[in-house]
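Peer 1: whatever this is, show me its structure:
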Amino acid sequence: MDSILSAEKKTTVKGFVSDLKQLTKVGLSLSVVFSSVAGYLLAAELVNGVTLIMLAIGGYFMVGASNAFNQVIEKETDALMKRTMSRPLPTNRMKVSTALFIAISFTILGIAILYSINAKSALFGAISIFLYTCVYTPLKSITPLAVFVGAFPGAIPFMLGWVAATNHFGIEAGFLFLIQFFWQFPHFWAIGWLQYEEYKKAGFNMLPMNKKDRGAVKQIIFYTVIMIVVSVAPVLRVTGTFYIYPVTAIVIALIGGVMLYYGVQLHKTKSNIEARKLMLASVLYITVVQIIYVVDKFLH
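Peer 2: Numbers count the residues shown, from 1 in each chain. Now for the predicted structure:
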C-alpha cells in the first residue's frame, strides 16, 4: 500500500514539475538567461560568480513570470491551437489560481533577486514583465503592432546582463538592446508565417498587415538587413567600450547573410519550408553572435 502511495506521489510531483516547465516555457526562459549571461560576460571586467548566478536565477524567474501570466490570459485561445492546446491550463491539469500564484511568486522573486544586483536591473526586469503581460499579450488579438511592442521586453535580456555588470545604461547597453530588438522581427514573423492558420483561429494578428504575402517577407528582409548593420556597427568603435575586431564583424555579417538568404528564398517561394529554415537560422544567429561577441571581448 505504501509503495502504491509513494508511486502516486512521485507521479503527481513529476506531473506538476512537467506542467511548471510548460507554464514557464523552460526552453525559452533558458535562452533568455543565456542572453543575460552573455551580456554580463561582455561587460564585466572581473566576473563575479555570485552575481552571475543571481542574474541567471533572477532572469529565469522574470521570463517564467511573463510566460505564466501570458498563459493565464490566453487560456481560452490556447485551447483553440494545436501547438498550445495541451498546455496545463487549457487541459485543466492546473488551476488558474495556481498558475497566478506561480506567476506572482516568480515576479516577486525575480525582481527581488535582480534588485540584489542593482536597482537598474530590477527596474528593467519589472518593465519587461509589465510590457509582455499588460501590453504585448492583449495587443496580439488587436493589431500586428503587437510584435513591435513585444520586441521591447524581448530585447531587454542581452542588455540586462550589461546593466547587471556595470550598473549603468549607456550606448553599449543600448546597442545590445537594438541587436536583439531588430532580430525579433524576422524571428517572430517567420514563426507567424508558419503558424498563420493557427493564429488566425485564435484571432491573433502576428504578421505585418496580418497577411501571409510577399509584403510581409519584404519587411522580414528589411529588418534582417538592419539587424546585420547594427550587429556589425561596434567594429566602427561608435559604441563606447563595446567594440569588435574587423574579422569578427565579417563572421557576424556572414552568419546574418544566411538569415538574409532564407528571407530572399521565402520571398521567392512563399513556402513554409523556407520560413522554418529562416526561423531556425534566426535562433542560430542570436546564439552564435552572442558567443562570438564574448569570445571577441576576451581576445582584446
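Peer 1: Val235 contacts Thr248, doesn't it?
Peer 2: Yes - with contacts counted by C-beta atoms under 8 Å, Val235 reaches Thr248, the gap being 7.2 Å. (Each C-beta comes from the backbone N, C-alpha and C, glycine too.)
Peer 1: count of neighbours near the nearest residue to Gly215 once chain neighbours are set aside?
Peer 2: By the measure of C-beta to C-beta, 6 or more residues apart in numbering, the closest residue to Gly215 outside its immediate chain neighbours is Met209, 6.3 Å from it. If you count neighbours by other C-beta atoms under 10 Å, Met209 ends up with 11.
Peer 1: show me the contacts for Met209.
Peer 2: Neighbour list for Met209: Pro144, Gly215, Ala216 [criterion: C-beta atoms under 8 Å, 6 or more residues apart in numbering].
Peer 1: next, the buried residues of the helix or strand where the last one lies.
Peer 2: Here Ala216, judged by DSSP states H and E, is contained in helix 214-232. Judged by neighbour count using 16 or more other C-beta atoms under 10 Å, the buried positions of helix 214-232 are 216-217, 219-221, 223-224, 226-228, 230-232.
Peer 1: state the distance from the residue nearest to Gly215 to Ala146.
Peer 2: Met209 sits 13 Å away from Ala146, taking C-beta to C-beta, to the nearest Å as the criterion.
Peer 1: circling back to that earlier point, now the contacts of Met209 in a markdown table, with pLDDT and distance to Ala68?
Peer 2: Listed next are those as a markdown table, based on pLDDT from 0 to 100; distance: C-beta to C-beta, whole Å:
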| residue | pLDDT | distance to Ala68 |
| --- | --- | --- |
| Pro144 | 89 | 25 |
| Gly215 | 93 | 35 |
| Ala216 | 93 | 30 |
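Peer 1: so where do the helices sit in the stretch 51-200 of the chain?
Peer 2: For the stretch 51-200 of the chain, the helices defined by DSSP state H, counting those that start in this stretch cover 75-78, 96-117, 119-130, 137-139, 146-166, 171-194, 196-202.
Peer 1: Gln265 is nearest to which of those?
Peer 2: Minimum separation from Gln265 across those (C-beta to C-beta) falls at helix 171-194, 11.7 Å.
Peer 1: report the buried residues of the closest one.
Peer 2: Across helix 171-194, burial judged by 16+ other C-beta under 10 Å covers 172-194.
Peer 1: equivalent analysis for stretch 287-300, please.
Peer 2: Neighbour-count burial for stretch 287-300 flags Val289, Gln290, Ile292, Tyr293, Val294, Asp296, Lys297 (criterion: 16+ other C-beta under 10 Å).
Peer 1: now intersect those with the helices, please.
Peer 2: Val289, Gln290, Ile292, Tyr293, Val294, Asp296, Lys297 (DSSP state H).
Peer 1: domain-wise, how is this protein divided?
Peer 2: Following automatic domain parsing, one gets these domains for the chain: 15-169, 171-300.
Peer 1: Gly215 touches Ile221, doesn't it?
Peer 2: No - the pair Gly215 and Ile221 does not pass the contact test of C-beta under 8 Å, sitting 11.0 Å apart.
Peer 1: where does the prediction get shaky in this structure?
Peer 2: The model of the chain has pLDDT under 70 over residues 1-11.
Peer 1: what about Tyr115, how many neighbours?
Peer 2: 17.
Peer 1: for it, give me its contacts.
Peer 2: Under the criterion of C-beta under 8 Å, 6+ apart, the neighbours of Tyr115 are Ser121, Ala122.
Peer 1: go again using 6 Å as the cut-off
Peer 2: Counting by C-beta atoms under 6 Å, 6 or more residues apart in numbering, Tyr115 makes contact with Ala122.
Peer 1: how far away is Val135 from Thr241?
Peer 2: From Val135 to Thr241 the distance is 32 Å (C-beta to C-beta).
Peer 1: now the contacts of Met209 in JSON lines, with distance to Ser66?
Peer 2: As requested, the contacts of Met209 are exported to JSON lines (distance: C-beta to C-beta, whole Å):
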{"residue": "Pro144", "distance to Ser66": "20"}
{"residue": "Gly215", "distance to Ser66": "30"}
{"residue": "Ala216", "distance to Ser66": "26"}
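Peer 1: so what's Leu42 up against?
Peer 2: Leu42 is in contact with Tyr293, Val294, Lys297, counting by C-beta under 6 Å, 6+ apart.
Peer 1: I am finished for the moment; much appreciated.
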